[in-house]
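Chemist: whatever this is, show me its structure:
(4 chains)
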Protein chains: 2
Amino acid sequence: MSITGDLIRGHTDAIILSRLCRSDSYGYEINKTISNLSGGRFELKEATLYTAFKRLEEQGYIVSYWGDSGAGARRRYYSITPAGKDTCHRLLLEWKATKQIMDELLEEHI
Amino acid sequence: MSITGDLIRGHTDAIILSRLCRSDSYGYEINKTISNLSGGRFELKEATLYTAFKRLEEQGYIVSYWGDSGAGARRRYYSITPAGKDTCHRLLLEWKATKQIMDELLEEHI
DNA sequence: ACGAGGTACCTCGCCTGTCAAGGTACCTCG
DNA sequence: CGAGGTACCTTGACAGGCGAGGTACCTCGT
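Modeler: Numbering: from 1, shown residues only, chains lettered A, B, ... in the order given. Reported below is the predicted structural model:
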């Protein structure tokens, strides 16, 4: 079973911010991390990821800078801002609330 | 905090089917039930609800029939089909998987 | 008699986020 | 030199949520 699309819609921002709360990172790496952490069951599509970055940067939750490429292509790193941290925290609370409510709504019939 | 919009996108079908798994019901009542079960924190908008009914009926997961109105307006009751029950079960499993993965992705940084 | 408020249904059109598809550019290894 | 990995980005289609608006009936208080 893979989790995609509308199932996580509205949670992508939370996921990305949560990653950036740990440390600065760049698109490709974040994607790999998410894929690994979820055991391959969850994958953000590139288009989705980059749209999200753009959105989050416009909202002032993250800032970007070009980093050293090392080997291969150049990387655009992202860093979370204080506002981003607040939002991250808020989204985490929202997720917990969602989880609780969904459990009540879905499992109550058993 | 209220849970709306993209946060529940992709979960509305699961919620509705889950309700209908318990017993036949109609739009207005389902809406009230959801609102009550969630302590008012979650509310499906009418437009969302009725589009969902339409979608679910087209997919063969529910069937509808006009019921006795009792007092007030006529009611369109919905009943879940075997295919609907299968889907309901599948969506519940999907929800559990989503929950698990989201928890890993969001809380791992603490 | 009449308006307010509750029950109950439905539709149109906008908005937003996801994603398939396509593109660019650089590096390494065989 | 081509294949495959790293890394970024854009466009356009699509689908679901929902604001706004509409219909219809009933009850209750004034």
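Chemist: for chain A, which helix is longest?
Modeler: Longest helix of chain A, by residue count under DSSP state H: helix A:82-107.
Chemist: please identify the buried residues of that helix?
Modeler: Within helix A:82-107, the residues that count as buried by 16 or more other C-beta atoms under 10 Å in any protein chain shown are A:84, A:87-88, A:91-92, A:94-95, A:97-98, A:101-102, A:105-106. For every residue, glycine as well, the C-beta is placed using N, CA and C.
Chemist: next one: stretch A:3-12
Modeler: So, applying 16+ other C-beta under 10 Å, buried residues of stretch A:3-12: A:3, A:7-12.
Chemist: likewise for stretch A:43-50?
Modeler: Under 16+ other C-beta under 10 Å, the buried positions of stretch A:43-50 are A:43-44, A:48-49.
Chemist: contacting residues around the nearest residue to A:Ile15 once chain neighbours are set aside?
Modeler: Leaving aside its chain neighbours, A:Ile15 sits nearest to B:Leu105 (5.0 Å; criterion: C-beta to C-beta, 6 or more residues apart in numbering or on different chains). Contact partners of B:Leu105, counting by C-beta atoms under 8 Å, 6 or more residues apart in numbering or on different chains, are A:15, A:18-19, A:34, A:37-38, A:42.
Chemist: surely A:Ile30 and A:Ser18 touch.
Modeler: No - using C-beta atoms under 8 Å, A:Ile30 is not in contact with A:Ser18; the gap is 10.1 Å.
Chemist: between these two, which has more neighbouring residues?
Modeler: A:Ser18 (24 against 19; other C-beta atoms under 10 Å in any protein chain shown).
Chemist: low pLDDT regions in chain A?
Modeler: Along chain A, the model assigns pLDDT under 70 to residues A:1-2, A:69-72, A:108-110.
Chemist: quick check: residues of it near DNA strand D?
Modeler: Contacts of chain A with DNA strand D, taken as C-beta under 7 Å from any atom of the strand, map to A:6, A:26-29, A:46-47, A:50-51, A:53-54, A:69-70, A:72-77.
Chemist: so which of those residues are in strands?
Modeler: Per DSSP state E, strands hold the following members of the residues of chain A next to DNA strand D: A:26, A:75-77.
Chemist: next up, the contacts around A:Ser64.
Modeler: A:53, A:57, A:76-79.
Chemist: from A:Arg55, how far off is the residue positioned nearest the centre of chain A?
Modeler: When C-alpha atoms, centre = their mean is applied to chain A, the residue found nearest the centroid is A:Ile16 (2.1 Å). Note on A:Ile16: its distance to A:Arg55, by C-beta to C-beta, to the nearest Å, is 10 Å.
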